[in-house]
Structure formats: C-alpha cells, structure tokens
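Participant: Got a predicted model here, sequence first, then my questions.
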Amino acid sequence: LSEIMLQQTRVEAVKGYYARFLAEIPTLPQLAMADDELLHKLWEGLGYYSRARNLQKAAKLLVRVYGGEFPSDIESLKSLPGVGSYTAGAIASIAFGKRVAAVDGNVFRVASRLEENPTPISAPQYRRYLEENLSAVYPESKKDCADFTQSLFELGALIYKPRNPDCELCPLKTLSYSLLFIRVFFGF
C-alpha cells in the first residue's frame, strides 16, 4: 500500500492517507471487496486515481490467484496491475529481503551523481543498468537488503535532493569517486 501511495508523491503527503486507508481497509481481502465510492473517498486528494484502481485490481488478483499472499519473485510482482520495476523492487527487497534494487528518482539521483553520469532518468537503458549493478552489490542478509534499499531512498530524499543537495551532510563525502564507484557498482 505505501509503495503504491508513494508513487509520484512525497512521504509527508502520504502519511495521513496511509493511516486513514488502513483504518478503513486493513486487509487484502477487504481491499479486493471494497466499494468503489469508499476507495475513491480514501484516495481523494492524493491524485493519480488510476493507482487506487490498480491497487484494487492487484488485491483481487492476489486474493484469487495467490490466496491473499504476495508473491516474492520479481517477475510475479511486476505482473500485478500498477506494479512496475521500481515498486516490484521495493516490495521484493523490503518485504522479502531479496537482492533487488528499487530505482526511484531518489536512488537515481544518488547513483547518477556518484557516477557523475548526466543521463536522464527517462532513459530506460540507464535505469536497467542501475538496477542490475545495484542489485549485484546488495547485501546477502535479508534484513540488510531491506535496510540497504531504505537507506538509498533516504539518502536520495534527504541529502541528494533535486535542488540544493546537502553535500556537507553527505555520509559519502569523504570517499573518493574512484573508490566509491568500485565499491558500489562492482561490489569490491
């Protein structure tokens, strides 16, 4: 739920909606059966209403095909309505501890600035490159995978901001570019 709500929306804007949504519709089967009017009311103000419709379509599919459980493999996650590469990576790494990168705008900024690569985020081949290379250096531990994903999200949101990054607060500022590139992208 949180990953769908956070698509193209800031965390601060989502917090209240998330709490209200879960208070009204706390389970996957309830979401699958929810009235359209209630779903729309709970989503009202978040925008991108197709997210809410896809969320319910995914809930129906999860109940019908997967017995109400989320699949843990990336391809099955990507097959859910409204779930793309980023959301599937976030769910796989955070919920299931899989070694799968979730490259959103925040992670993209971190990686592209560290790599000093000006390729735009809209370039699919660069996004795939980042997903593959970040996934390759994910930690072995399931808990560490979740922490690694969330730390990349936070680093991008709080330090590597789109405008006026906080370079003085960056925990990576003491690393040389070469060392950092080797460690992050080649796992040494």
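Facilitator: Received the coordinates, thanks.
Participant: Can you identify the helix in the chain that spans the most residues?
Facilitator: In the chain, taking DSSP state H as the definition, the longest helix is helix 50-66.
Participant: next SSE after it?
Facilitator: helix 74-78 (DSSP states H and E).
Participant: If you count neighbours, what's buried in that following helix?
Facilitator: Under the neighbour-count criterion of 16 or more other Cβ atoms under 10 Å, helix 74-78 has 74, 77-78 buried. Where C-beta positions appear, they are placed from N, C-alpha and C, glycine not excepted.
Participant: of all these, which comes closest to Glu140?
Facilitator: For the buried residues of helix 74-78, the closest approach to Glu140 (Cβ to Cβ) belongs to Ile74, at 17.4 Å.
Participant: Contacts only, for the closest residue in space to Lys57 that isn't next to it in sequence.
Facilitator: Distances taken as Cβ to Cβ, 6 or more residues apart in numbering put Pro81 closest to Lys57, at 4.0 Å, once the chain neighbours are dropped. Residues near Pro81 by Cβ atoms under 8 Å, 6 or more residues apart in numbering: 54, 57-58, 61.
Participant: Repeat that for Gly156.
Facilitator: By Cβ under 8 Å, 6+ apart, the neighbours of Gly156 are 104-110.
Participant: Go through those residues and flag which are in helices.
Facilitator: Per DSSP H, the contacts of Gly156 map to helices at 105-110.
Participant: Show me which of those is closest to Arg127.
Facilitator: Nearest to Arg127 among the ones in helices among the contacts of Gly156, with distances taken as Cβ to Cβ, is Phe108, at 7.2 Å.
Participant: shaky segments in the protein?
Facilitator: 174-188 (pLDDT under 70).
Participant: cutoff 80 now
Facilitator: For the chain, the stretches with pLDDT under 80 are 114-116, 121, 172-188.
Participant: picking up where we left off before, contacts made by the longest helix of the chain with the rest, please.
Facilitator: Contacts of helix 50-66 (Cβ under 8 Å, 6+ apart): 1, 4-5, 7, 28-29, 31-32, 34, 39-40, 42-43, 46, 68-70, 80-83.
Participant: give me that answer again for 6 Å
Facilitator: Residues outside helix 50-66 that contact it (Cβ atoms under 6 Å, 6 or more residues apart in numbering): 4, 28-29, 31-32, 39, 43, 80-82.
Participant: quick one: buried residues of that helix?
Facilitator: So for helix 50-66, counting by 16+ other Cβ under 10 Å, buried means 51-56, 58-60, 62-63.
Participant: Any idea how far it is from the middle of the chain?
Facilitator: Remark: helix 50-66 is offset 18 Å from the chain centroid, using Cα atoms, centre = their mean, to the nearest Å.
Participant: Cool, thanks, signing off.
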